[in-house]
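>>> Dropping a prediction and its sequence here:
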Amino acid sequence: MSNLDNALRELREKRTRAQVEIEKLDQLISGIESLNGAGAAVADDTVQPKRIISASSRRKMALAQRARWASLRKTSQPIAVVAKSAGSTPVKRIMSVSARRKIAAAQKARWASLRKNSQPITVVAKTAGSAPAKRKISAAGRKRIAEAARARWAAFRTAKKKAA
């Protein structure tokens, strides 16, 4: 066990030495960049820590931004006066009852003419690549299927009761 403890201690010491070395290199790089006039540029592959802002600070920032936008709106001249609602949503258009009735009547007339002019659908025998013809089940067939399903469920319930 002592061998493992020694190895673990040595690895941790190497890691801390490497971290110290990296910090020294970062300081040297930032110093050279500041002399070069680039400022404290951050490399693309490094991750910036996330900035945490409190809720009250965010509220203050939002209020300040709203005030800035309001002052800009006051000073700017409108290009054309357009009647708009208070928000950014478009104005809701209201259609009269008579207009809706006219549209409904016209649509009903269109559907009636389509039904009158349409050809009856014929079932064609299945060919390679086409969809199969739809089969219809008689009322007696549906009744037999329902009875069989009820019988299966009854058998399932009785088996479940016996198992419990």
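The structure has been received and is ready for your questions.

>>> Quick check: pLDDT value at the residue nearest the centre of the chain.
In the chain, the C-alpha closest to the average C-alpha coordinate belongs to residue 89, at a distance of 21.5 Å (C-alpha atoms, centre = their mean). The model reports residue 89 with a pLDDT of 75.

>>> Next one: it relative to residue 69, how far apart?
18 Å (C-beta to C-beta, to the nearest Å). For every residue, glycine as well, the C-beta is placed using N, CA and C.

>>> now do residue 26
Where residue 69 is concerned, residue 26 sits at a distance of 40 Å (C-beta to C-beta).

>>> Same question for residue 142.
66 Å.

>>> and what of residue 31?
Distance, residue 31 to residue 69, by C-beta to C-beta: 42 Å.

>>> for residue 147, same thing?
From residue 147 to residue 69 the distance is 71 Å (C-beta to C-beta).

>>> And residue 20, by the same measure?
49 Å.

>>> got it, and residue 108?
50 Å.

>>> Now do the buried residues in the longest helix seen in the chain.
Assignment by DSSP state H gives helix 2-36 as the longest helix of the chain. In terms of neighbour count (16 or more other C-beta atoms under 10 Å), helix 2-36 has no buried residues at all.

>>> Now the element after the helix or strand bottoming out on mean pLDDT in the chain, going C-ward?
One helix or strand of the chain scores below all others by mean pLDDT, DSSP states H and E: helix 2-36, with a mean of 89. Counting by DSSP states H and E, the next helix or strand C-terminal to helix 2-36 is helix 55-75.

>>> what's in contact with that next one?
Helix 55-75 is touched from outside by residue 53, with contacts defined as C-beta atoms under 8 Å, 6 or more residues apart in numbering.

>>> Kindly export that helix (C-alpha atoms) in CSV.
What follows is helix 55-75 as a C-alpha-only set of coordinates in CSV (Å, rounded to 0.1, in the frame of the first residue of the first chain):
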residue,chain,number,x,y,z
ALA,A,55,-31.2,39.3,-10.6
SER,A,56,-31.3,42.8,-9.2
SER,A,57,-28.3,43.8,-11.4
ARG,A,58,-30.0,42.3,-14.4
ARG,A,59,-33.2,44.3,-13.6
LYS,A,60,-31.2,47.5,-13.3
MET,A,61,-29.5,46.8,-16.6
ALA,A,62,-32.8,46.1,-18.3
LEU,A,63,-34.3,49.4,-16.9
ALA,A,64,-31.2,51.3,-18.1
GLN,A,65,-31.5,49.8,-21.6
ARG,A,66,-35.2,50.6,-21.8
ALA,A,67,-34.4,54.2,-20.8
ARG,A,68,-31.8,54.4,-23.6
TRP,A,69,-34.2,53.1,-26.2
ALA,A,70,-36.9,55.5,-25.0
SER,A,71,-34.6,58.5,-25.3
LEU,A,72,-33.6,57.3,-28.8
ARG,A,73,-37.3,57.0,-29.8
LYS,A,74,-38.0,60.5,-28.5
THR,A,75,-35.1,62.2,-30.4
